[in-house]
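Peer 1: Sequence unavailable; structure follows:
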């Protein structure tokens, strides 16, 4: 109940979107344009559901770790 309230708060959404935007910028900077565009699309959808951004962050970190970048 409390977790749902925290993840649904406006400040929580904005904070998680800020972190995701930084990850997208880093992806573009590294030259991976296709992944950056995919993440941007997911980010736009995720604004309504904050836990999706958390899942996105975890998957992105795993992907980058596997590629060795």
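Peer 2: Yes, it's here. This is a predicted model, so every value here is computed, not measured.

Peer 1: quick one, phi/psi of residue 42?
Peer 2: Main-chain torsions, residue 42, degrees, to the nearest 10: phi -70, psi -40.

Peer 1: Sorry, wrong one. I was asking about residue 30.
Peer 2: Note on residue 30: its backbone torsions stand at phi -80, psi -10 [degrees, to the nearest 10].

Peer 1: For burial, what's the neighbour tally of it?
Peer 2: 13 (other CB atoms under 10 Å). Yep, even glycine has a C-beta here, placed from its N, CA and C like the rest.

Peer 1: Over to the one 4 residues further on?
Peer 2: The tally of other residues near residue 34 (other CB under 10 Å) stands at 8.

Peer 1: quick one: secondary structure of it?
Peer 2: When classified by DSSP: H, G, I helix; E, B strand; the rest coil, residue 34 comes out as helix.

Peer 1: Now for residue 23, how many residues are close by?
Peer 2: Neighbour count for residue 23, taken as other CB under 10 Å: 19.

Peer 1: Excluding sequence neighbours, find me the nearest residue to it.
Peer 2: residue 60 (5.6 Å; CB to CB, 6 or more residues apart in numbering).

Peer 1: Can you mark which positions in stretch 17-24 are buried?
Peer 2: 17, 20, 23, 24 (16 or more other CB atoms under 10 Å).

Peer 1: which element is residue 40 on?
Peer 2: Taking DSSP states H and E as the definition, residue 40 sits inside helix 33-46.

Peer 1: contacts for that helix?
Peer 2: For helix 33-46, the external contacting residues (CB atoms under 8 Å, 6 or more residues apart in numbering) are 16-17, 20-21, 23-24, 27-28, 52-53, 56, 60, 63.

Peer 1: farthest pair in the residues you listed?
Peer 2: Spatially, the most separated pair among those is 28 and 52, at 20.3 Å (CB to CB).
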